[in-house]
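Colleague: I'd like to go over a predicted model; first the sequence, then the structure.
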Amino acid sequence: MSESSDSTLPYSYAPLATKNEFNGFGPGENQPRRRSLKIGLAVFSTLMICALLMSILDYNNNVDVNNVSKNNAPNKYNVGDLTFRPQPENVASVEVMPGSKDLLFKVSRGKPHGVSQKANSLPLRGLKVPFFDWNDLQLAWQRTAFHFQPQKNWMNDPNGPLYYNGWYHFFYQYNPAGAVWGNIVWGHAVSKDLIRWKHLPIAMVADRWYDFNGVWTGSATILPDGQIMMLYTGSTNESVQVQNLAYPANLSDPLLLEWVKYPGNPVLVPPPGIGKLDFRDPTTAWLTSEGKWRITIGSKINKTGISLVYDTTDFKNYELLSNILHAVQGTGMWECVDFYPVSVAEPNGLDTSTNDQSVKHVLKASMDDDRNDYYTLGTYIEDNVTWVPDNPAIDVGIGLRYDYGRFYASKTFYDHEKKRRILWGWITEGDSEAADVKKGWASLQGIPRTVLFDQKTRTNLVQWPVEEVETLRQNNKDFDKVEVPAGSVVPLDVSAATEIDIIAEFDIDKEALENLPVSEEHYSCPASKGAAQRGALGPFGLLVLANNDLAEQTPVYFYVIKTLSGSFKTFFCTDLSRSSAATDVFKNIYGSTVPVLKGEKLSMRILVDHSIVEAFAQGGRTCITSRVYPTKAIYKETKLYVFNNATTATVTASIKTWQMSSARLQENIEETKER
């Protein structure tokens, strides 16, 4: 790939868009309101903390949750406003077992029952359209070749990823009985390289009263002596969300095939003032300067999303701290909270317990209200157990996102073997539930990503596919300095474009840049007409999953405008509006702004793997994950094009492509043990 020293873009830095920008408000319009909200929230939090302390004293007098086991569990006990009626330990005999069709769901799938709406059914989400008549070849094509997914059935949140004794372990929410949400247990797989996975037996099933309605999301903490503590949310037989402890039965087993649930579970129940359905997803623990372990758990109070904080020394007994780690009004329930440090000086990941002057801390939460993952950089103050965002205007839930497409319930872990932080994310479906049932599976995981602080912009993270995915590359082709005039589409001669890794750089005609008039356009990817909306400098990019006559196509593109201040503002988008002839799939337009610094070329990387498209702009500053369901652009009919739909500017593209081989492994447990 060639680079010309005299063809760089004279960009000044443009910050990422805030939620207010997409809603049409000015950049500073809501600041006075946010200051008043912060003051009000501080007063509210103080009152709540006092109430919590009083209630906790009463709670401790009422019950010792650590003594609830099969030998001494009472028939009924109260904790604050909660009443628990533990079931006998043989509760698994009445549990829905794999293959059962008598009772698909033990709990409803809606928010009123303390569960995020995991269903895929389009009518449930307000889109009433006729189901498309998918044939078996079309459905078979949708299954991926190098993304993680079970052999069949439903999958959602990533759980407790870790590296142990030579193996990467990945656990995930799984329904062994079907391709829709329900009967949630923990699936388990291992890998040597984060790409080629071996599926193992289910790690944990819903066989106790405290997780009768599901073994839900959790996190792993590896102690200095090698012990592994796995905290997870259980939904009790009465749908109360509690936190439970599990650990490996045999630490000498590198595959960690057997897990033991602590006899004293649950180790945590919702504290007074917190709803029984609003207390879930404990984080990986980090060490404090006092030698205690600290975790945070997502919750809400009314419409204010919060993260509660607990200290422990043994992972069995916990102290609820008086301060909330952070809260943001109006953001609703915080799920799958993640909290970790990033180095501002070194290009390496950090252990979760690292805390010094060389780090910033990332606070991320999955917003149950809009089903997106938001993160913010800030400062963690251990003494008063708080975290302060660098920029309150882009706080958790109202600013930066990991991904502007289908990406949710994400979870990071520190890979001490390669000194990097790895991000997993659940990629949801965009088709109908009926189609999922017909094909026999639903959902997959994105390619694991490394996460680093962007030392160039110093305002955001950068995410990039783990380097191991490049071991699947083969049949490289280079397309150097392809000239793409305004309003044109140029085919790229690749033998197949169903499984492909693409890296592209774009140069815009200098004269067009210099003569570009100032624009008052208020552009956003979701509110635009997609790749069909023409401007002076865009859209231009690549058409993936396209067929010969372009009846089906998925454009991934840049759109550039010149602002009133004279600087350039760049958007990175993926347009699904013409991605499929099917009627029962979502065809969103995704995207956001992407920071582009002076002297940088516009660059993108796209991983196409059948029905998933992962796109990364400017080294991973902005990411977009899409699910695409073509009916014609499949198998050998899948083509790749470079396009330029700008009205005036010619674009020159330099593109590298690699065909990707399959990452599927076929071996039994005995063979895996021997590796």
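Modeller: Now that the structure is in, tell me what you want to look at.

Colleague: how near is residue 342 to residue 623?
Modeller: To residue 623, residue 342 is 16 Å away according to Cβ to Cβ, to the nearest Å. Heads up, the C-betas are built off the backbone N, CA and C, glycines and all.

Colleague: how much space between the closest residue to residue 242 other than its chain neighbours and residue 495?
Modeller: For residue 242, ignoring the flanking residues on the chain, the nearest one in space by Cβ to Cβ, 6 or more residues apart in numbering is residue 266 at 3.5 Å. Separation of residue 266 from residue 495 (Cβ to Cβ) stands at 55 Å.

Colleague: tell me what the closest residue to residue 296 other than its chain neighbours is bridged to.
Modeller: Nearest residue to residue 296 in three dimensions, chain neighbours excluded: residue 307, at 4.4 Å (Cβ to Cβ, 6+ apart). When assigned by DSSP bridges, residue 307 has beta-bridge partners residue 298, residue 326.

Colleague: neighbours of residue 307, how many?
Modeller: 22 (other Cβ atoms under 10 Å).

Colleague: same question for residue 444.
Modeller: Using other Cβ under 10 Å, residue 444 has 23 neighbouring residues.

Colleague: mind checking how far it is from residue 428?
Modeller: Distance from residue 444 to residue 428, by Cβ to Cβ: 9 Å.

Colleague: also residue 555?
Modeller: Applying Cβ to Cβ, the value for residue 555 to residue 428 is 21 Å.

Colleague: so for those two, which residue has more residues nearby?
Modeller: residue 555 (25 against 20).

Colleague: which residues are in contact with the more buried one?
Modeller: Contact analysis of residue 555 by Cβ atoms under 8 Å, 6 or more residues apart in numbering lists 530-531, 539, 541-543, 573-575, 643.

Colleague: please repeat the previous calculation with a cut-off of 7 Å.
Modeller: Neighbouring residues of residue 555 by Cβ atoms under 7 Å, 6 or more residues apart in numbering: 531, 539, 541, 543, 575, 643.

Colleague: same deal with residue 472?
Modeller: Applying Cβ under 7 Å, 6+ apart to residue 472 gives the contacts 146, 195, 660-661, 663.

Colleague: avg pLDDT for the helix or strand hosting residue 570?
Modeller: Assigned by DSSP states H and E, residue 570 belongs to strand 568-575. The average pLDDT for strand 568-575 rounds to 97.

Colleague: what do you get for stretch 363-379?
Modeller: 97.

Colleague: just stretch 549-560 next, same as before
Modeller: Mean predicted confidence for stretch 549-560 is 97.

Colleague: same thing with stretch 406-416?
Modeller: Across stretch 406-416, the average pLDDT comes to 98.

Colleague: related to what we said a few turns ago, who touches the strand holding residue 570?
Modeller: By Cβ under 7 Å, 6+ apart, strand 568-575 touches 11-12, 14, 405, 523, 525, 530-531, 554-563, 589-594, 596, 602, 613, 615, 617, 622, 624, 626.

Colleague: which ones among those residues map onto strands?
Modeller: 554-562, 589-593, 602, 613, 615, 617, 622, 624, 626 (DSSP state E).

Colleague: in this structure, which segments are predicted with low confidence?
Modeller: Applying pLDDT under 70 to the chain flags the ranges 1-128, 666-675.

Colleague: domain assignment for it?
Modeller: The record's domain parsing of the chain by the TED database lists 154-467, 475-660.

Colleague: burial count for residue 166?
Modeller: 11.

Colleague: near the residue nearest to residue 232 when sequence neighbours are not counted, how many other residues are there?
Modeller: Leaving aside its sequence neighbours, residue 232 sits nearest to residue 218 (Cβ to Cβ, 6+ apart; 2.7 Å). Residues lying near residue 218 (other Cβ under 10 Å) number 27.

Colleague: you'd agree residue 218 is up against residue 160?
Modeller: Yes. Using Cβ atoms under 7 Å, residue 218 makes contact with residue 160 at a distance of 5.5 Å.

Colleague: overlap of the contact sets of the two?
Modeller: By Cβ under 7 Å, 6+ apart, residue 218 and residue 160 have these common neighbours: residue 230.

Colleague: just give me the neighbour total for residue 360.
Modeller: When neighbours are defined as other Cβ under 10 Å, residue 360 has 17 of them.

Colleague: go on, the one 4 residues further on?
Modeller: Residues lying near residue 364 (other Cβ under 10 Å) number 25.
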